[in-house]
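Enquirer: Here's a sequence, model it:
(one chain, ligands or ions: 1)
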Amino acid sequence: MEEKLIFEYSKPGKQGASLPCRDLSMDELHRFIPDGLKRKTDTALPEVSEPEVIRHFFRLSQKNFCVDTHFYPLGSCTMKYSPKVNEDLAALSGFTQVHPSMQPEHVQGILTVMYELEQYLCSLTGMKRFSFQPAAGAHAELTGMMLVKAYHDARGEARRSKVIVPDSSHGTNPASAAVYGYRIVEVKSNNRGRVNVDELKAIVDEECACLMLTNPNTLGLFEDDILEIADIVHQKGGLLYYDGANLNALMGLFRPADMGFDIIHLNLHKTFSTPHGGGGPGAGPLGVTNTLVDYLPIPLVEKVKDRYVLNSSLPKTIGKVKTFYGNVGVLIKAYCYIRSLGIDGLRRATEDAIINANYIKSKIKDSYSIPYEGYCMHEFVASAQNFKNYNVHAGDIGKRLLDYGFHAPTVSFPLIVPEALMIEPTETETKETLDAFVEALKKIADESRQNPDIVKNAPHLLERGRCDEVHAARFPNVCWK
Ligand SMILES: *Cc1c(COP(=O)(O)O)cnc(C)c1O
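Expert: All right, here's what the predicted structure looks like:
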């Protein structure tokens, strides 16, 4: 009932805001707008008072399960707490009031931030240069594939048509490569959950453009054969692309360049203090080793004497993949985050993320099956397959967790684990939270055997029960009318 009423506050003539006084009257203003661009009818905006607007959106926000209200162990997504102070810093008017068309001479401050952020990311990853253009991880992967192709084409090896991905890979990897026209070849994981090196050897040949890998992989396991893997691909002339969305597991511990990767992306909106999950702006900086710098998107920020300039004259650039310079607000937050933690703080964050994941893993191993033994990195995958006899699936356990006040882990992914529950606690949670989560998981395991219906029909305590998630994602209804 309430839901219906909420959207019926609007009444013609109700005022929500008073506009500031103008020097020009409406008629005078209209003279500046070309006739073709003038509105013929009023916009269909709701007419409501300011308190109604505030209450409406505040009430909606309280119905949301988010990282600021609940523990959110969504594997692969790194839903960690992002310090609010970085939002404040990125919102300083010196940053928000600059326009991308302003002359570099007049925006030296923001160029300093971009220049220094690039240096930090280079030292953290071992890469030579970064482009800040890509707006997210998948966008960076696509850009990376454009670089791979430009590189091979320039060497007269346009025939290289296949991109290899492990069967544990994140779905965006094969998707990005396929969208750019590459043929996807899958390499199987071995019984340790790592790339099967013998199979890889058989697949890699002179047709191979690139191997895409995330390390640790989506099982949360470190690819300990990575140096041999890199050798196999490089010897046949292929490149290695590192999906660095999982960098929260590596900061200050390992550098992708030292593992043999040629191109990498980072998800600033996972690891470096930009909250995400609601479709807000992200940033997927793309880093490359020396060999590939000339192909990067333009412009790059450079320092000439003591001034910062924009360099758009890279000899073999693939051009632009986004307007202007990327999502600069996200870059500022990452810069502030890195400056405030320092390299020691970043390493500590990673170590804590790894310890937290291993803690939960060891605590639940008697209640859930854990397909891959041994230590994990920042996340791990459990399986709900021992509840199949009760007709309880991983997704049901995720829904039941909501009743206990926890967001669901990633379910049914990676695909190689049946009934997967992929848990990434991150470094920002207290031991009390981790313990409470473990208790909830154990209780749900008991419920699944003793009273499976309560799990299968969950959630019971939320505003909404089970929705048609596919329909909601494909046809979102975000209109007020
Ligand atoms: C999140 C993620 C991506 C995709 O990043 P987006 O910014 O969502 O496009 C790619 N790979 C891995 C391993 C991820 O976790």
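Enquirer: Residue ranges in the protein under the pLDDT threshold?
Expert: 1-7, 480-481 (pLDDT under 70).
Enquirer: State the distance from the residue of it found nearest the ligand to Leu247.
Expert: Residue of the chain nearest the ligand, by Cβ to the nearest ligand atom: Gly137 (2.3 Å). In short, each C-beta sits where N, CA and C put it, glycine included. For Gly137, the distance to Leu247 equals 11 Å [Cβ to Cβ, to the nearest Å].
Enquirer: show me what contacts the residue of the chain closest to the ligand?
Expert: The neighbours of Gly137, taking Cβ atoms under 8 Å, 6 or more residues apart in numbering as the test, are Thr172, Asp243, Ala245, His265, Asn267, Lys270, Gly282, Gly284.
Enquirer: Can you report phi and psi for Gln62?
Expert: Phi and psi for Gln62, reported as degrees, to the nearest 10, are phi -70, psi -20.
Enquirer: neighbours around it, how many?
Expert: Gln62: 10 surrounding residues under other Cβ atoms under 10 Å.
Enquirer: Could you find the closest non-adjacent residue to it?
Expert: Thr69 (7.9 Å; Cβ to Cβ, 6 or more residues apart in numbering).
Enquirer: Now do the one you found: how many residues are near it, please.
Expert: Based on other Cβ under 10 Å, the number of other residues close to Thr69 is 12.
Enquirer: Can I get stretch 378-385 as PDB, trimmed to CA atoms?
Expert: Presented in PDB, the C-alpha positions along stretch 378-385 are these (Å, rounded to 0.1, in the frame of the first residue of the first chain):
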ATOM      1  CA  HIS A 378      41.300 -12.300  -0.200                       C
ATOM      2  CA  GLU A 379      38.300 -14.500  -1.000                       C
ATOM      3  CA  PHE A 380      37.300 -18.200  -1.200                       C
ATOM      4  CA  VAL A 381      34.600 -20.300  -2.700                       C
ATOM      5  CA  ALA A 382      32.500 -22.700  -0.600                       C
ATOM      6  CA  SER A 383      29.800 -25.000  -2.000                       C
ATOM      7  CA  ALA A 384      26.200 -25.600  -1.000                       C
ATOM      8  CA  GLN A 385      26.000 -28.900  -2.800                       C
END
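Enquirer: what residues does that stretch touch?
Expert: Here stretch 378-385 has contacts from 75-76, 78, 216, 218-220, 246, 248-249, 350, 353-354, 357-358, 360-361, 364, 368-372, 392-394, 396-397, 414, 417-426, 448, using Cβ under 8 Å, 6+ apart.
Enquirer: beta partners of Lys303?
Expert: Tyr308 (DSSP bridges).
Enquirer: From Leu286, how far off is it?
Expert: In terms of Cβ to Cβ, Lys303 sits 20 Å off from Leu286.
Enquirer: again with Asp27
Expert: 50 Å.
Enquirer: quick one: which of the two has more around it?
Expert: Leu286 (30 against 7).
Enquirer: wait, the more buried one sits on His265?
Expert: Yes: between Leu286 and His265 there is a contact under Cβ atoms under 8 Å: 5.1 Å.
Enquirer: Need the residues touching each of those two.
Expert: With Cβ under 8 Å, 6+ apart as the test, Leu286 and His265 both reach Pro134, Ala140, Thr143, Gly144.
Enquirer: The ligand next: which of the contacts of Gly137 are close?
Expert: Thr172, Asp243, Ala245, Asn267, Gly282, Gly284 (Cβ under 6 Å from any ligand atom).
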